[in-house]
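Participant: Sequence plus predicted model, see below.
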Amino acid sequence: MEAAQRTISVLGSTGSIGTQTLDVLSRLGPPYQLRWITCNTRWQDLAAQVERFKPYGVAIRDADAYTAFKQATSFSGPILCGEEGLSQAAADPENDVVMSAMVGFSGVVPTMHAIRAGHQVGLANKETLVSAGQIMLPAVEQFGATLLAVDSEHSAILQCMVGERTADIDRFIITASGGPFRTTPAADLERVTAAQALKHPNWSMGAKITIDSATLMNKGFEVMEARWLFDLEPDRIDVIVHPQSIIHSMVEFIDGSVKAQMGVPTMLVPIQYALTFPHRAELDVPRMDLAALGQLTFEPADQDRFPCLRLAYEALREGGSAGCVLNAANEVAVQAFLERKILFTRIPTIIEETLSHMEHLSHPSLDAIVELDQESREFASTLTLRP
Ligand code: NDP
Ligand code: MG
């Protein structure tokens, strides 16, 4: 029997996850039809993707990039612009699956449009759940949408949960590589550079998530993401450092049994699983060689040296708008660090100061979240003026 056709749109197709998604789609072949691809400013990369993958249409967030793309290419499909354009692509009734692979808060509104259209959403853009999880999950239910994890840890949990009941879960154990500063003494963290922070030991990713991995904010975000994707309380979501990144995460059940999902670190596996779920398809990736690895090791995550992890747990327990403020302040601080304006150790203090300054809303609407994101950015930006 021939596989049913699936129509896919990729939001953020020019990024690390976006390009790997297009790679997986081209390997999966004809049943998968590419509908929309989108970018922010890198319109030349988008133009190259148009040539190679022949999508139905494109959406470009940045107005100058949109104009440049229109002038430089002879693409005959629809070309949309701005956040409205991205949202229109996300909501297109022809989509079966929308891959949300934009970075940061910019993904919130387009992802909400995909959810409100009732689509299956492959979610890489974890900041959307960090900022607006309490709004998104009820919307998923209301509009009959599906959220499928793309993050490797959450894909691991999803794979461990096949055939299991939610009521039988005791806790999640999310693994962390520990990042490039896993063994750096606290006193030396002040002096680490952006170039050092951008050298992740196990994964090649976009700049923002690579810095989040160095501060362990990425792990904090993943705890928050797990809370929303699988509806488990924060106290039952643990983090453990596992430098080899072979175990992608674990689920412990009420009888003490623990399931782990393993494999070489590559995002191609979780990306493909989100597209073929609940089935699997062949994938030509390096295979795990335990004898060559020799050992898998584990150590506790150090919340004193990496306060961002503690801040994420605190924001999750506080609930309401705390996640939105945490994310906004983090985006501003990470950007300032990448631009060499602040020290690495200033990232958590800027976030903490922003969290204590901003008003707390216990049941914010989407509009309130969008407004609070902007206000938090403005406040955090004033803090980046001090190194
Ligand atoms: P990249 O920075 O590599 O790519 C981001 C994509 O989003 C690009 O297509 C970019 O366009 C687009 N984009 C950026 N800003 C905006 C904006 N303001 N409006 C519209 N589009 C925008 O990021 P990654 O692929 O690394 O990460 C994407 C998401 O996936 C993040 O949320 C990250 O946390 C998550 N993730 C990533 C993993 C990885 O291995 N990379 C692993 C697990 C999760 P342009 O190219 O024009 O800038
Ligand atoms: Mg991850």
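Facilitator: Everything's here; your move. Ligands and ions are numbered 1, 2, ... in the order given.
Participant: since we're on Arg191, how many residues are nearby?
Facilitator: 11 (other CB atoms under 10 Å). In this view, the C-beta of every residue, glycine as well, is placed from N, C-alpha and C.
Participant: residue contacts, it?
Facilitator: Contacts for Arg191 (CB atoms under 8 Å, 6 or more residues apart in numbering) come out as Leu343.
Participant: Mind doing that once more with 10 Å?
Facilitator: 184, 343-345 (CB atoms under 10 Å, 6 or more residues apart in numbering).
Participant: ok, now Thr7?
Facilitator: 31-36, 56, 92-98, 119.
Participant: Pick out the lowest-pLDDT one from those.
Facilitator: Ranked by pLDDT, those bottom out at Pro31 (92).
Participant: Now intersect the contacts of Arg191 with the strands, please.
Facilitator: Among the contacts of Arg191, none falls in strands (DSSP state E).
Participant: Dump these into JSON lines; add pLDDT, neighbour count and distance to ligand 1 as well.
Facilitator: Below are the contacts of Arg191 laid out as JSON lines (pLDDT from 0 to 100; neighbours: other CB atoms under 10 Å; distance: CB to the nearest ligand atom, whole Å):
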{"residue": "Thr184", "pLDDT": "97", "neighbour count": "16", "distance to ligand 1": "22"}
{"residue": "Leu343", "pLDDT": "97", "neighbour count": "17", "distance to ligand 1": "23"}
{"residue": "Phe344", "pLDDT": "98", "neighbour count": "22", "distance to ligand 1": "19"}
{"residue": "Thr345", "pLDDT": "98", "neighbour count": "16", "distance to ligand 1": "22"}
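Participant: Of these, which fall within the contact range of ligand 2?
Facilitator: Among the contacts of Arg191, no residue is within reach of ligand 2 (CB under 5 Å from the ion).
Participant: Go through the contacts of Thr7 and flag which are in strands.
Facilitator: Per DSSP E, the subset of the contacts of Thr7 in strands is 32-36, 97-98.
Participant: ok, those vs ligand 1, which is closest?
Facilitator: For these, the minimum distance to ligand 1 (CB to the nearest ligand atom) is 12.4 Å, reached by Trp36.
Participant: Any idea how many residues pack against that closest one?
Facilitator: Neighbour tally, Trp36, other CB under 10 Å: 27.
Participant: for it, what are its contacts?
Facilitator: Contacts of Trp36 by CB under 10 Å, 6+ apart are 7-11, 13, 55-59, 77-78, 80, 85-86, 88-90, 92, 94-95, 98.
Participant: Apply the buried test to these and list what passes.
Facilitator: Listed as buried from those are 7-11, 13, 55-59, 80, 85-86, 88-90, 92, 95, 98; burial here means 16 or more other CB atoms under 10 Å.
Participant: export the contacts of Arg191 to JSON lines and tack on distance to Phe306?
Facilitator: Formatted as JSON lines, these follow (distance: CB to CB, whole Å):
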{"residue": "Thr184", "distance to Phe306": "10"}
{"residue": "Leu343", "distance to Phe306": "15"}
{"residue": "Phe344", "distance to Phe306": "11"}
{"residue": "Thr345", "distance to Phe306": "10"}
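Participant: For the residues you listed, work out which two are farthest apart.
Facilitator: Thr184 and Leu343 (13.6 Å; CB to CB).
Participant: which residues are common contacts for these two?
Facilitator: 191-192.
Participant: Most neighbours among the ones in strands among the contacts of Thr7, which one is it?
Facilitator: Within these, most neighbours by other CB under 10 Å means Val98, with 29 neighbours.
Participant: Distance of it relative to Ser9?
Facilitator: Distance from Val98 to Ser9, counting by CB to CB, to the nearest Å: 5 Å.
Participant: between those two, what contacts are shared?
Facilitator: By CB under 10 Å, 6+ apart, the residues touching both Val98 and Ser9 are 35-36, 89-92, 110, 114, 119.
Participant: Quick check: residues of this protein near ligand 2?
Facilitator: By CB under 5 Å from the ion, the residues of the chain that approach ligand 2 are 151-153.
Participant: Residue of the stretch 1-150 of the chain nearest ligand 2, please.
Facilitator: Using CB to the ion, the single residue of the stretch 1-150 of the chain nearest to ligand 2 is Lys126, 7.7 Å away.
Participant: count of residues packed around that residue?
Facilitator: Residues contacting Lys126 under the criterion other CB under 10 Å number 29.
Participant: Run through the residues that contact the residue of the stretch 151-300 of the chain at minimum distance from ligand 1.
Facilitator: Taking CB to the nearest ligand atom as the measure, the stretch 151-300 of the chain has Gly206 as its residue closest to ligand 1, at 2.6 Å. Shown in contact with Gly206 (CB under 10 Å, 6+ apart): 12, 15-18, 101, 103-104, 212.
Participant: Return the closest of these with respect to Lys259.
Facilitator: For the contacts of Gly206, the nearest to Lys259 is Ile17 (25.3 Å; CB to CB).
Participant: The closest residue to ligand 1 within the chain and Leu22: what is the separation?
Facilitator: Per CB to the nearest ligand atom, Gly15 is where the chain lies closest to ligand 1, at 1.9 Å. According to CB to CB, Gly15 and Leu22 sit 11 Å apart.
Participant: Same check on Met161?
Facilitator: Separation of Met161 from Leu22 (CB to CB): 28 Å.
Participant: which of those two has more neighbours?
Facilitator: Ranked by neighbour count (other CB under 10 Å), Met161 and Leu22 place Leu22 first, with 22 against 17.
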